[in-house]
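[1] just need the structure, nothing else, for what follows:
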Amino acid sequence: MPVVKSTLPEPARQVVGEALQQTLVDLLGLSLIGKQAHWNIVGPRFRSIHLQLDEVVSTARTYADTVAERAAALGVSPDGRPETVAASFGLQGPKDGWLRDTEVVRLLVEALEATVGGLRERIAVTEKADPVTQDLLIGLTAELEKQYWMFQAEDWPRDN
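    Numbering: from 1, shown residues only. Got it, this is the predicted structure:
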């Protein structure tokens, strides 16, 4: 039994709870990918990409908190424990060691594309269940799509 009573009917709360939980996992995982790349990037575009990674991490961490608090407000206990993130996060992280700037750009393009794809699915399933949560996911998607565009621009033209 939830400690916090939801304003949503139970079926809607379940749909929204699952969408928010997977979004939380995705954001925490994205922030870890971003920080690992941030610490290990090397190459001629080090500084600009290093700073851009901080923007992605900041967005992911800020929205992770917002998403978790939205879940809690609806009577869904958010789970951001390391073991939960490790078990539920579906994206490939960076390799061990130093990362060329070109590798980091491609890594972030792929991670952001996958994250936005998942968000778009969750936007669709939350439309009727909870437009407030849907609105939150839409705003987050817009922010991550901006970062996706910026990292794609870094990768043009592709050198392979």
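[2] ok, and for the helix or strand of the chain with the lowest mean pLDDT, which residues are buried?
    Using mean pLDDT, DSSP states H and E, the weakest-scoring helix or strand in the chain turns out to be helix 82-88, at a mean of 95. Across helix 82-88, burial judged by 16 or more other Cβ atoms under 10 Å covers V85. All C-beta spots, glycine's among them, are computed from the backbone N, C-alpha and C.
[3] starting at the chain centroid, how far to it?
    The chain centroid and the centroid of helix 82-88 are separated by 14 Å under Cα atoms, centre = their mean, to the nearest Å.
[4] I'd like to know which elements the helix or strand following that helix is packed against.
    Using DSSP states H and E, the helix or strand that directly follows helix 82-88 along the chain is strand 99-100. If contacts are counted by 3 or more Cβ pairs under 8 Å, 6 or more residues apart in numbering; DSSP states H and E, strand 99-100 sits against strand 41-42.
[5] tell me the strands beside the strand it packs on, with direction?
    strand 99-100 (parallel) (DSSP bridges).
[6] for the helix or strand following the partner strand, which helices and strands make contact with it?
    Sequence-wise, the next helix or strand downstream of strand 99-100 (DSSP H and E) is helix 101-129. On a contact count with 3+ Cβ pairs under 8 Å, 6+ apart, helix 101-129 meets helix 10-40, strand 41-42, helix 46-73, helix 131-154.
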